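**Student:** Generate a structure from the sequence data that follows.
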Amino acid sequence: MNITQSPTREKFPLSRRKIFKKTISSVLVWFFLLAIYDAMLIFGAVTGNDDVWFPAVLKIVFITILVLAFISFLTYLYQRWYFAVYFYDLTDKYIIIKKGPITPHEITIPYERVQDVYVDQDLWDRILGIYDVHLSSATATSGMEAHIDGVRKPAADGLRELLLSTIHEKLNKKQNVSNIQTNI
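**Tutor:** As a prediction, this is how the structure comes out:
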C-alpha cells in the first residue's frame with residue numbers, strides 16, 4: 001500500500017497516530033453497542049433456567065470478544081488504507097484535499113476564498129498529541145470537509161503559517177492588480 005504523497009504532505013506529514021485515533025474511536029463505539037446487546041442477552045439468560053445461565057453468559061462474552069477483535073482488525077485495516085490515500089497539497093492557485101478510499105471526495109479551495117485558518121484538537125487529539133488544521137470559507141462544506149487532520153504540532157503550525165502567508169500574498173497581488181487597473 002503506497003502512501004499518496006505531495007510536496008506539501010512530505011514537508012508536513014500526517015501522523016500515524018491518526019490511524020490509532022480513528023481505530024480506537026470506532027472500537028469504543030462498537031464496544032458500547034455490543035455491551036448493551038450483551039446486557040440484554042445476559043438479562044434474558046439470567047431470568048431463565050438457573051442451571052444454564054452461567055455457560056450462556058460465558059458464551060455471550062466469548063463471542064462478543066471475538067466479534068470485537070474482528071471489528072478492530074477490519075477498522076485498523078480500513079484506517080491504514082484511508083491514511084495511505086489521504087492527499088493534500090498547496091498548489092500555486094488552490095488548496096487541494098482528497099479523502100476517502102471507498103468513496104473518495106475532493107475539495108479544492110482557491111486561496112482567495114479562505115477566510116480563516118485555525119488549528120484545533122478534540123479530546124483524542126489532545127491525548128495523542130495530534131492536531132487538525134481547518135480552512136474556513138463561505139461554502140457550506142468548508143467546515144466539514146476543508147481540514148487536514150492528524151498532524152503533529154510542528155506540522156500543524158507550519159501548515160497554518162504557510163497557508164496564511166500564501167493567502168496574504170495572493171490577496172496583496174490581487175489588490176495591487178486592482179489598484180493598477182483603477183489608475184489606468
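**Student:** Alpha carbons only: can I get stretch 13-20 in PDB?
**Tutor:** Output in PDB follows, covering the C-alpha atoms of stretch 13-20 (Å, rounded to 0.1, in the frame of the first residue of the first chain):
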ATOM      1  CA  PRO A  13       3.400  14.800   7.200                       C
ATOM      2  CA  LEU A  14       0.300  13.200   8.700                       C
ATOM      3  CA  SER A  15       1.000  11.400  12.000                       C
ATOM      4  CA  ARG A  16       0.400   7.600  12.100                       C
ATOM      5  CA  ARG A  17      -1.300   8.300  15.400                       C
ATOM      6  CA  LYS A  18      -4.300   9.300  13.300                       C
ATOM      7  CA  ILE A  19      -4.800   5.600  12.400                       C
ATOM      8  CA  PHE A  20      -4.700   4.700  16.100                       C
END
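**Student:** how far does that stretch sit from the chain's center?
**Tutor:** With CA atoms, centre = their mean, to the nearest Å as the basis, the distance from the averaged C-alpha position of stretch 13-20 to the chain average is 9 Å.
**Student:** can you give me the strands for this protein?
**Tutor:** Listed in chain order, the strands of the chain (DSSP state E) span residues 87-90, 94-99, 105-110, 114-120, 131-137, 147-151.
**Student:** of all those, which lies closest to residue 172?
**Tutor:** strand 114-120 (14.3 Å; CB to CB). Using the backbone N, CA and C atoms, a C-beta is placed for each residue, glycine as well.
**Student:** If we go by neighbour counts, what in the closest one is buried?
**Tutor:** With burial defined by 16 or more other CB atoms under 10 Å, the residues of strand 114-120 counted as buried are 114, 117, 119.
**Student:** if we can go back for a sec, could the strands of the chain be laid out in TSV, adding mean pLDDT and distance to residue 71?
**Tutor:** Putting the strands of the chain into TSV (pLDDT from 0 to 100; distance: least, CB to CB, whole Å) gives the following:
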stretch	mean pLDDT	distance to residue 71
strand 87-90	93	27
strand 94-99	92	22
strand 105-110	90	25
strand 114-120	92	29
strand 131-137	92	25
strand 147-151	92	21
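**Student:** right, and the ones you listed - which one's nearest residue 19?
**Tutor:** Closest to residue 19 of those is strand 147-151 (CB to CB; 8.2 Å).
**Student:** Verify the contact between residue 20 and residue 130 for me.
**Tutor:** No - because the distance of 9.5 Å does not satisfy CB atoms under 8 Å, residue 20 is recorded as not touching residue 130.
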